[in-house]
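>>> coords below, sequence missing:
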């Protein structure tokens, strides 16, 4: 009598209720969106659709710029060189971690408003206002200058969003932008700007 090997047996089982179960992955059809990027879900948070929609657009712009700023910090963390390597290597990584926290907070706020947070790096590149750096390494003053300009872009967009969310009484977004995004970026600007002040260690 012929026997069936373990590999030839069917992996599908039929329990008593008649539903077929299988351990095989069930791949979904790609490209079918359940929610468009510019669409809103209906969430009962006491804000009109127009207010939620505007807040999502403002937050996504800040989110895109923050994502790029995070990537800049990681790039410079890896590529920094020179006498200040150790200090800046650690500082850039610390700032990158803090920017990554802001990315998550901003994205979650967009989702809590019923929107879609920008997440794909290629989509982020379409929305950001921050200038693209060269693919290679720059010197330390150029790295810091580029970071400061990126911070300025984030801060400008954040201030504009703070004004609009205050006018619209979207206090949740307003608090996030003021307490977390603006203050964190201003503090980081101070920390890195001091590294390009031309003051000698000793008197000539």
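It's in. Quick caveat: nothing in here was measured; it's all calculated off a predicted structure.
>>> Helix, strand, or coil at residue 137?
The three-state assignment at residue 137 reads coil, by DSSP: H, G, I helix; E, B strand; the rest coil.
>>> Might one say that it is in contact with residue 77?
No. Counting by C-beta atoms under 8 Å, residue 77 is not a contact partner of residue 137; they are 11.9 Å apart. Where C-beta positions appear, they are placed from N, C-alpha and C, glycine not excepted.
>>> Neighbour count: these two, which is higher?
Using other C-beta atoms under 10 Å as the criterion, residue 137 and residue 77 rank with residue 77 on top: 18 against 15.
>>> quick one: contacts for that one?
Neighbouring residues of residue 77 by C-beta atoms under 8 Å, 6 or more residues apart in numbering: 89, 92, 93, 96.
>>> what about the third one, helix or strand, and which?
Using DSSP states H and E, residue 93 sits in helix 85-112.
>>> now that helix: how far from the chain's centre is it?
Averaging C-alpha positions (C-alpha atoms, centre = their mean, to the nearest Å) puts helix 85-112 8 Å from its chain's average.
>>> same deal with stretch 44-53?
Centroid separation for stretch 44-53 versus its chain: 23 Å, with C-alpha atoms, centre = their mean.
>>> contacts for it?
Taking C-beta under 8 Å, 6+ apart as the rule, stretch 44-53 contacts 40, 43, 55, 112, 113, 114, 115, 168, 169, 170, 172.
>>> Report the secondary structure element holding the spatially closest residue to residue 189 that is not a sequence neighbour.
The shortest distance from residue 189 to any non-neighbouring residue, by C-beta to C-beta, 6 or more residues apart in numbering, is to residue 151 (4.9 Å). Under the criterion of DSSP H and E, residue 151 resides in helix 140-167.
>>> report the longest helix in the chain, please.
If you go by DSSP state H, the chain has its longest helix at helix 49-79.
>>> what about residue 100, distance to residue 168?
Distance of residue 100 to residue 168, given as C-beta to C-beta, to the nearest Å: 28 Å.
>>> what sits against the closest residue to residue 63 other than its chain neighbours?
Nearest residue to residue 63, sequence neighbours excluded (C-beta to C-beta, 6+ apart): residue 106, at 4.2 Å. Listed by C-beta under 8 Å, 6+ apart, the contact set of residue 106 reads 59, 62, 63, 66, 117, 176, 181.
>>> just for the protein, where's the confidence low?
Counting by pLDDT under 70, the chain has low-confidence residues at 1-18, 201, 204.
>>> cutoff 80 now
Where the chain drops to pLDDT under 80, the residues are 1-19, 31, 34-35, 200-204.
>>> ok, now which ones touch the residue nearest in space to the middle of it?
With distances taken as C-alpha atoms, centre = their mean, residue 103 lies nearest the centre of the chain, 3.4 Å away. Neighbour list for residue 103: 63, 66, 67, 70 [criterion: C-beta under 8 Å, 6+ apart].
>>> try residue 189
With contacts defined as C-beta under 8 Å, 6+ apart, the neighbours of residue 189 are 148, 151, 152, 155.
>>> and it, what element?
In this structure, residue 189 sits in helix 183-193 according to DSSP H and E.
>>> Off-centre distance for that helix?
18 Å.
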